[in-house]
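Student: here's a sequence, model it:
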Amino acid sequence: MGGSALLRALRHRGLLYNGQRWMSGLGRDGEEIQTMLEEAYTDRGEEEKERPRLDRRSLTESTVLLFPGQGSQELGMAGGLLKYPNVREMFLTANKVLGYDLLDLCLRGPIDMLNKTVYCQPAIFVTCVAATEKLTQENPTLKYLCIVALYAVKVRAEAMQKASDAVPSGMLSVVGKWQTKYSTACAEAQDHCLNLGIKDPVCEVANYLFPNCRVIAGHMEAIQFLQDNSRKYNFSRTKLLPVSGAFHTRLMEPAVEPLAEALKGLTFMKPLVNVYCNVDGRRYKQGPAIAPLLTKQLVSPVRWEQIMHAIYERRRGKDVPRTYELGPGQQMGAILKACNLKAWRSYRQVDVFKEEDTEVA
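Tutor: Okay, here's the model as predicted:
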């Protein structure tokens with residue numbers, strides 16, 4: 001991905017580079033990346049100096065992009081994207097930012113390493129960004145993200161991994177029934193932990209996925225208690241997620257300061273397209289409010305069900321936008337189907353896995 005392309009991606013996403021502090025830990029590779037950004041910043045021959053104006057389109061002409069998160073990772077992801085322009089270069093640039101071969105990890109693992117937060121978050125991020133390259137080839141109206149955001153993801157992943165290593169914890173996907181009392185289940189799981197001698201136990205809803213489905217996170221003893229007593233709490237199905245910590249709970253508080261410090265080197269502008277916040281389920285409206293919400297997201301539940309309603313809710317008879325899921329798996333599509341069947345009928349998943357005619361070596 002060339003320097004001018006990086007700058008265009010930054011500006012279209014409402015994110016601008018501001019200062020050099022976040023490059024300080026990257027050594028020689030950091031100097032190279034810094035040079036790329038400086039060249040991009042001064043290269044204005046291919047673009048207007050003012051922020052571009054977007055055409056107002058009808059709902060039938062609009063597009064929704066859904067990006068999966070941690071827990072969707074699988075070996076082989078990104079293998080089906082390598083034949084598209086710029087994808088290999090994206091991974092080579094990511095290697096310089098991260099300090100390891102990200103593409104090899106995505107394709108060959110080992111899976112235990114890929115499942116670790118410190119590796120998983122950058123892997124999913126870059127794979128999702130690369131998937132937009134495939135989508136632009138088939139529908140050339142969309143562009144991709146940049147290395148500045150990847151560095152923020154790197155800092156976030158490292159901080160969350162450190163917080164996860166400090167306390168044995170996990171996340172449990174729970175499908176309940178109309179009579180399920182999630183607050184009661186979490187409270188009794190916390191009492192169980194207290195009886196085991198665990199001080200200040202955590203067990204709380206970390207993600208509102210779709211009607212009657214939650215992700216509960218906390219101390220591993222609490223998670224195990226809920227699994228063992230699923231019938232008592234009217235859980236029809238439970239599944240332990242392949243993640244290494246209790247994300248979006250107060251167990252992630254140690255990760256807040258490192259991420260906030262990394263974000264100080266960035267200036268956020270008002271997004272040119274609607275981008276929804278996981279903390280409150282609403283659109284980001286002002287650039288300065290974005291960074292505080294990104295840090296708050298670490299310790300706040302994800303309001304995904306609310307976001308789905310906010311995006312697709314409209315008057316009867318109105319068409320819904322096209323929806324693409326970019327990344328490994330079809331989890332976002334399954335959630336969309338449970339939230340809004342009409343919107344799901346206009347959904348398509350952009351496959352990121354190896355196709356028979358794709359060379360990955």
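
Student: switch to C-alpha atoms for all contacts and neighbour counts from now on
Tutor: Fine.

Student: give me the buried positions along the helix or strand that Leu293 is a member of.
Tutor: With secondary structure defined by DSSP states H and E, Leu293 is part of helix 290-296. By neighbour count on 16 or more other CA atoms under 10 Å, the buried set for helix 290-296 is Ile290, Ala291, Leu293, Leu294, Thr295, Lys296.

Student: adding pLDDT, write these out as a markdown table.
Tutor: Listed next are those as a markdown table, based on pLDDT from 0 to 100:
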| residue | pLDDT |
| --- | --- |
| Ile290 | 95 |
| Ala291 | 95 |
| Leu293 | 97 |
| Leu294 | 96 |
| Thr295 | 97 |
| Lys296 | 97 |
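
Student: just these now: which is nearest Ala159?
Tutor: Proximity of the buried residues of helix 290-296 to Ala159, judged by CA to CA, is greatest for Thr295, which lies at 11.5 Å.

Student: just to revisit the earlier point, for the buried residues of helix 290-296, which one is nearest Val320?
Tutor: Within these, the smallest distance to Val320 is 27.0 Å, found for Ile290 (CA to CA).

Student: residues contacting that closest one?
Tutor: Contacts were defined as CA atoms under 8 Å, 6 or more residues apart in numbering; by that measure Ile290 touches Phe268, Tyr284.

Student: from Gln297, how far out is it?
Tutor: Counting by CA to CA, to the nearest Å, the gap between Ile290 and Gln297 amounts to 11 Å.

Student: repeat for Ala123
Tutor: 20 Å.

Student: more crowded one of these two?
Tutor: A side-by-side neighbour count of Ala123 and Gln297, using other CA atoms under 10 Å, places Ala123 first with 26 against 20.

Student: got the contact list for that one?
Tutor: With CA under 8 Å, 6+ apart, Ala123 has these contacts: Leu102, Leu103, Cys106, Leu114.

Student: with Gly287 instead?
Tutor: Gly14, Thr267, Phe268, Met269, Lys270, Pro271.

Student: repeat for Lys270
Tutor: By CA under 8 Å, 6+ apart, the contact set of Lys270 is Gly14, Tyr284, Lys285, Gln286, Gly287.

Student: same deal with Lys342?
Tutor: The contact partners of Lys342, by CA under 8 Å, 6+ apart, come to Val320.

Student: please, which helix or strand holds it?
Tutor: helix 341-344.

Student: next one: Pro258
Tutor: In the assignment (DSSP H and E), Pro258 maps to helix 256-263.

Student: quick one: buried residues of that helix?
Tutor: Buried positions in helix 256-263, judged by neighbour count with 16+ other CA under 10 Å: Val256, Pro258, Leu259, Ala260, Ala262, Leu263.

Student: which of the residues in stretch 323-334 are buried?
Tutor: Buried residues in stretch 323-334, defined by neighbour count with 16+ other CA under 10 Å: Thr323, Tyr324, Glu325, Leu326, Gly327, Pro328, Gly329, Gln330, Gln331, Met332, Gly333.
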